[in-house]
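Visitor: Build me a structure from this.
(one chain, ligands or ions: 2)
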Amino acid sequence: MKANVWHGKGDMRVEKVPDPRILNPRDAIVKITSTAICGSDLHLYDGYVSTMEAGDILGHEFMGEVVEVGSAVKNLHAGDRVVVPFTIACGNCFFCQRHEHSLCENSNPNAWMAEKMWGHSTAGVFGYSHLTGGYAGGQAQYARVPYADAGPLRIDDGLDDEQVLFLSDVLPTGYMAAENCNIQGGDVVAVWGCGPVGQFAIQSAWLLGAERVIAIDRFPERLAMARDWSRAETLDYEAVDVADALRDMTGGRGPDACIDAVGMEAHGSGVLATYDRIRQMIRLESDRPMVLREVLRSCRNGGTVSVPGVYGGFIDKLPMGSVMNRALTLKTGQTHVQRYLQPLLERVRRGDFEPQRLVTHRLPLDDAPQAYRMFRDKQDGCVKVVLKPWLH
Ligand SMILES: [Zn+2]
Ligand SMILES: [Zn+2]
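Guide: Ligands and ions are numbered 1, 2, ... in the order given. Alright, predicted model coming up:
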């Protein structure tokens, strides 16, 4: 089959690789009809995630048709259409029972690597380094899906791929980010980053009862999307001092909840941004936390900071004094996708979300390397790319 394969920083190639096979009784093989590039894939592209190996197949947002199931999979059959959660979870362990699927204790065969880096391991993830299991990803014509009896969501009705594809990650990720804000009626929520997760976080904040949502970015097309589609007030961080502006907009108090939907490759200016860039370059700091610092400083006393943006390792100059003295609550985590699949599918059916409106580019899988470059450099108004593995 064809797959998009990682060969090193900035070097991805679409190549012929062996077809995946059933390895365990709970596996399924899915023929992929649509797959997306995620903002977090850019951290792999830019070489900021450790434990990637040349030959790794990328991609964790995909859907398709079941072509084969293992002997223990009774709820799926060849021909079923499914969306696959990016988090791989067994469905039975301590954390899966608590619906904290991204913390599954059984799905990361390389748990020892994660324990070294983080103290404890998390779940396995498709196409996202050996630290999270070294699983082949879904930017390919086929994928092996472990625990297929517990993860994938069957789509029985006539919804299009693009209406349901983002249930694999960015829609539940934006929703969980807003849910983590514990929004009360009348709350003001600020969202840093107007990419796909940011847009769905804004829209979810409205659904969960926010009274005002303020979105922060610098790219005009993303700010326009936040205004016109997601109905947020917007701030261009290159035009205003965000912390000052937020204080002004909230009677001096700051937003009740703040969401960092940017993560480890934040852009910024000033002394600390330069400090981060240099330390990340010479590998003294793995992540650039410009946005997170601003989020923590901007949130009102006693407010909640929610972090769906991906961080990999270590950061410096985190204002812990501000967090402690101002009684902030910090909520974060990889998304427990399985928990949200059914409820969010219902919301898509009802029209609460129209995820297909996120898609700015549709391309054949063969164009994946160019698509990554376009997405990373935000060329041509690119917000979300869907790749079609069977299109030529
Ligand atoms: Zn993703
Ligand atoms: Zn589990």
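Visitor: Okay, strands next: where are they in the stretch 251-392 of the chain?
Guide: 257-260, 304-307, 329-332, 361-364, 385-388 (DSSP state E, counting those that start in this stretch).
Visitor: Average pLDDT for the third one, rounded please.
Guide: Read that as strand 329-332. The average pLDDT for strand 329-332 rounds to 97.
Visitor: For it, which helices and strands make contact with it?
Guide: Judged by 3 or more C-beta pairs under 8 Å, 6 or more residues apart in numbering; DSSP states H and E, strand 329-332 is in contact with strand 304-307. Heads up, the C-betas are built off the backbone N, CA and C, glycines and all.
Visitor: From start to finish, how long is stretch 356-366 in a straight line?
Guide: When the termini of stretch 356-366 are compared using C-alpha to C-alpha, to the nearest Å, they are 22 Å apart.
Visitor: Mind checking the pLDDT average for that stretch?
Guide: 97.
Visitor: sorry, back to before: which one of the strands of the stretch 251-392 of the chain lies nearest to residue 228?
Guide: Among those, the nearest to residue 228 by C-beta to C-beta is strand 361-364 (18.7 Å).
Visitor: quick one: strands adjacent to that closest one?
Guide: Strand 361-364 has its sheet partners listed here by DSSP bridges as strand 385-388 (parallel).
Visitor: Keeping just the C-alphas, turn the strand it pairs with into PDB.
Guide: Output of strand 385-388 as PDB, limited to C-alpha atoms (Å, rounded to 0.1, in the frame of the first residue of the first chain):
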ATOM      1  CA  VAL A 385      -6.200  19.500   4.900                       C
ATOM      2  CA  VAL A 386      -8.000  16.200   4.200                       C
ATOM      3  CA  LEU A 387      -6.000  13.700   2.300                       C
ATOM      4  CA  LYS A 388      -7.600  11.100   0.000                       C
END
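Visitor: How far off centre is it?
Guide: With C-alpha atoms, centre = their mean, to the nearest Å as the basis, strand 385-388 stands 16 Å off its chain's centre.
Visitor: Need the residues that contact it.
Guide: Residues from elsewhere that reach strand 385-388 (C-beta atoms under 8 Å, 6 or more residues apart in numbering): 4, 33-37, 139, 161-162, 165, 359-365, 367-368, 371, 374-375.
Visitor: hmm, 6 Å instead?
Guide: Identification of contacts with strand 385-388 by C-beta atoms under 6 Å, 6 or more residues apart in numbering yields 34-37, 359, 361-365, 368, 371, 375.
Visitor: Give the burial count for residue 342, as a bare number.
Guide: Residue 342: 10 surrounding residues under other C-beta atoms under 10 Å.
Visitor: on that earlier part again, how about a markdown table for the contacts of strand 385-388, with neighbour count added?
Guide: Compiled in a markdown table, those are given as follows (neighbours: other C-beta atoms under 10 Å):
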| residue | neighbour count |
| --- | --- |
| 34 | 25 |
| 35 | 32 |
| 36 | 27 |
| 37 | 27 |
| 359 | 18 |
| 361 | 18 |
| 362 | 15 |
| 363 | 16 |
| 364 | 15 |
| 365 | 23 |
| 368 | 27 |
| 371 | 24 |
| 375 | 24 |
